[in-house]
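J.: quick one: sequence plus predicted model below, questions after.
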2 protein chains.
Amino acid sequence: MTTTTPGRRERLRAETVTEIKHAARRLLVAGGPTAISLRAIARDLGMTAPALYRYFASLDALILAIVTDLFEDLRATVADAAVAHGDEEPLARVGYMARAFRRWSLDRPAEFALMFGSPVPGVTPFAERCGPLNDAGARFGETFFTVLGEHYARHPFGGEAPDLPDPALRELFKPYLDIFGDRFPLPVIYLFVAAWTRLYGIVAMEVFGHLRWAMTDVEPLFEVELARTVSRLAR
Amino acid sequence: MTTTTPGRRERLRAETVTEIKHAARRLLVAGGPTAISLRAIARDLGMTAPALYRYFASLDALILAIVTDLFEDLRATVADAAVAHGDEEPLARVGYMARAFRRWSLDRPAEFALMFGSPVPGVTPFAERCGPLNDAGARFGETFFTVLGEHYARHPFGGEAPDLPDPALRELFKPYLDIFGDRFPLPVIYLFVAAWTRLYGIVAMEVFGHLRWAMTDVEPLFEVELARTVSRLAR
DNA sequence: TGCGAGGGTAAACGGCGTTCACTGGGTTGG
DNA sequence: CCAACCCAGTGAACGCCGTTTACCCTCGCA
């Protein structure tokens, strides 16, 4: 009866892995990043905690896998926003991607905190040199660079350099260049990183509630800043 | 022998409180926010954990007190930077304050994470309506508003409104107005909040290491963004 | 049919926040 | 001067947590 597919064992194993991740995400949205615990997950799945070590080497490894999945989820959402407006100008599509990023983050504050919040341990994020996460981050960046590439293919960059000579920029952005190569003029890289920090700043502030002391609704601020930032990319 | 000063008991108590806070901060810088534990503090002080409940109602209460102290420390540092350049233009002083904020944060990544990082619990920061912290935050904002006030006293604001009519801005910034009153034109409040989110964004990104994939040194980016943002306040 | 690998368990260790009953010494009022 | 009281501090306990170890049982394959 049981089809002897060569991967039957593996299939059950994969199902258990996704069940574990699902339980972890339930705990995450229910109680924040610190609410993820192996014992609670095991309770949810009707198992005991040590059994989970057959699937993940540690709690940190599990959380790392979840963060990686979340990055892929976010990437797909942002990419969808770009293709949904595929008939518009590339820079306009960047705006829709930024809005998709904001919406995704506001809808998933716990997940956002896990991905972009303070990487607690010592000082360094646990994401230092851990393959899968770096790959996910690279694919996330790639979705932006693809659309930006379309724009600069149509409108060559003629903006001003930010007071820094190209050799200095090349040294400054060595990590970026090592990952993505130099497909863009160096000032464009500069402007993109600046835009990304602005986008992150305003979204993180809003998600973490750090602006509630000042304003009731961050969206108008977001839209104005987005327009300014995108237009800066258009020089 | 023992001088019966009416506050002797209170003095010993206050000393113990600061000892507890010092131990907590040692743990914080050594292992990040999650490393703060009552039992470890008690070990450091040669006490048992339950004794700490004579001084703080819970671990959260202790952490809240520490965050409040840190805000005061940061505020004083930023204010010092302003008075150290008291002979310069107010907007230039705002720049020095921003640099002091960045330097303080880079030198104290764990403290920064505790203050500005993800407020884990459910969704809301535990800082919702807790008197002392709100007061500290208000004093922190006040140091900026004081210098900004000096500037606009000399150079009346003549910039453009950010596409939003004043009544809408007044509604938008109701929380701010309730705390600080309307000492500035509404567009100025808008520009300040925008500037604050940019400052927070770039500093948080740098402290959390979220820019290491791209660049080796964030300072040039910080300086350019700071110059742009401050000049925007000068309209 | 036998066997090995892999999924699962119970028990245990050490660490955590927090509560509770209790003690002992300094403070204070009579 | 002494009794009463207050209060810092203790020890034990409860229920969480991650993780390790030794063990078991069952499935799948040779």
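T.: That came through, no problem.
J.: just the buried residues of the lengthiest helix in chain A, please?
T.: Longest helix of chain A, by residue count under DSSP state H: helix A:59-84. Residues A:59, A:62-71, A:74-75, A:77-79, A:81-82 are the ones in helix A:59-84 that count as buried (16 or more other CB atoms under 10 Å in any protein chain shown). In this view, the C-beta of every residue, glycine as well, is placed from N, C-alpha and C.
J.: that one near DNA strand D anywhere?
T.: Yes: contact of helix A:59-84 with DNA strand D (CB under 7 Å from any atom of the strand) involves A:L59, A:D60.
J.: any idea of the mean pLDDT in the following helix or strand past that helix?
T.: Sequence-wise, the next helix or strand downstream of helix A:59-84 (DSSP states H and E) is helix A:90-107. Average pLDDT, helix A:90-107: 98.
J.: just want the angle from helix A:90-107 to helix A:59-84.
T.: Per axes from the mean of the first three to the mean of the last three CA atoms, to 10 degrees, the angle that helix A:90-107 makes with helix A:59-84 is 140 degrees.
J.: let's see helix A:90-107 as PDB, backbone CA atoms only.
T.: Provided in PDB are the C-alpha atoms of helix A:90-107 (Å, rounded to 0.1, in the frame of the first residue of the first chain):
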ATOM      1  CA  PRO A  90      11.000  51.300 -12.900                       C
ATOM      2  CA  LEU A  91      11.400  54.100 -10.300                       C
ATOM      3  CA  ALA A  92       7.600  54.100  -9.800                       C
ATOM      4  CA  ARG A  93       7.900  50.300  -9.200                       C
ATOM      5  CA  VAL A  94      10.600  50.900  -6.600                       C
ATOM      6  CA  GLY A  95       8.000  53.000  -4.800                       C
ATOM      7  CA  TYR A  96       5.500  50.200  -4.900                       C
ATOM      8  CA  MET A  97       8.200  47.800  -3.600                       C
ATOM      9  CA  ALA A  98       8.900  50.200  -0.700                       C
ATOM     10  CA  ARG A  99       5.200  50.400   0.200                       C
ATOM     11  CA  ALA A 100       5.000  46.600   0.000                       C
ATOM     12  CA  PHE A 101       7.900  46.400   2.400                       C
ATOM     13  CA  ARG A 102       6.200  48.800   4.800                       C
ATOM     14  CA  ARG A 103       2.900  47.000   4.600                       C
ATOM     15  CA  TRP A 104       4.400  43.600   5.100                       C
ATOM     16  CA  SER A 105       6.300  44.900   8.100                       C
ATOM     17  CA  LEU A 106       3.400  46.600   9.800                       C
ATOM     18  CA  ASP A 107       1.300  43.400   9.300                       C
END
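J.: list the buried residues of it.
T.: A:90-91, A:93-102, A:104-105.
J.: I'd like the residues you listed as CSV, with distance to DNA strand D appended.
T.: Below are these laid out as CSV (distance: CB to the nearest atom of the strand, whole Å):
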residue, distance to DNA strand D
A:P90, 44
A:L91, 44
A:R93, 41
A:V94, 39
A:G95, 40
A:Y96, 38
A:M97, 35
A:A98, 35
A:R99, 35
A:A100, 32
A:F101, 30
A:R102, 31
A:W104, 26
A:S105, 25
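J.: what about A:T18, which helix or strand?
T.: helix A:8-31.
J.: which elements pack onto the helix or strand that that helix is followed by?
T.: For helix A:8-31, the following helix or strand on the C-terminal side (DSSP H and E) is helix A:38-45. If you count contacts as 3 or more CB pairs under 8 Å, 6 or more residues apart in numbering or on different chains; DSSP states H and E, helix A:38-45 packs onto helix A:8-31.
J.: could you check the angle helix A:59-84 makes with the helix it packs on?
T.: For helix A:8-31 against helix A:59-84, the angle by the same axes, to 10 degrees is 80 degrees.
J.: helices and strands around the longest helix of chain A, which ones?
T.: Where contact means 3+ CB pairs under 8 Å, 6+ apart, helix A:59-84 is packed against helix A:8-31, helix A:90-107, helix A:109-116, helix A:131-154.
J.: burial check on the closest residue to A:E206 other than its chain neighbours, number of neighbours?
T.: Closest residue to A:E206 apart from its sequence neighbours, by CB to CB, 6 or more residues apart in numbering or on different chains: A:V218 at 4.3 Å. If you count neighbours by other CB atoms under 10 Å in any protein chain shown, A:V218 ends up with 22.
J.: do you know how far A:V218 is from A:G95?
T.: Note on A:V218: its distance to A:G95, by CB to CB, to the nearest Å, is 16 Å.
J.: helix/strand/coil for A:H210?
T.: Classification of A:H210 using DSSP: H, G, I helix; E, B strand; the rest coil returns coil.
J.: just give me the neighbour total for it.
T.: Neighbour tally, A:H210, other CB under 10 Å: 21.
J.: thought it was touching B:S118?
T.: No: A:H210 lies out of contact with B:S118 (CB atoms under 8 Å); the separation is 10.3 Å.
J.: and for the nearest residue to A:F116 once chain neighbours are set aside, the neighbour number?
T.: Distances taken as CB to CB, 6+ apart put A:A204 closest to A:F116, at 6.2 Å, once the chain neighbours are dropped. For A:A204, the neighbour count with other CB under 10 Å is 26.
J.: so A:A204 makes contact with B:A204?
T.: Yes: here A:A204 reaches B:A204: they are 6.5 Å apart, a contact under CB under 8 Å.
J.: let me see the contact set for the residue most central in space within chain A.
T.: Centroid-nearest residue in chain A, with CA atoms, centre = their mean: A:F71, separated by 4.3 Å. A:F71 is in contact with A:M115, A:L133, A:A136, A:G137, A:R139, A:F140, counting by CB atoms under 8 Å, 6 or more residues apart in numbering or on different chains.
J.: show me what contacts the first one?
T.: Contact criterion CB under 8 Å, 6+ apart gives A:V67, A:L70, A:F71, A:L74 as the residues in contact with A:M115.
J.: just the closest of those to A:P167, please.
T.: Using CB to CB, A:F71 is the member of the contacts of A:M115 that lies nearest A:P167, at 32.7 Å.
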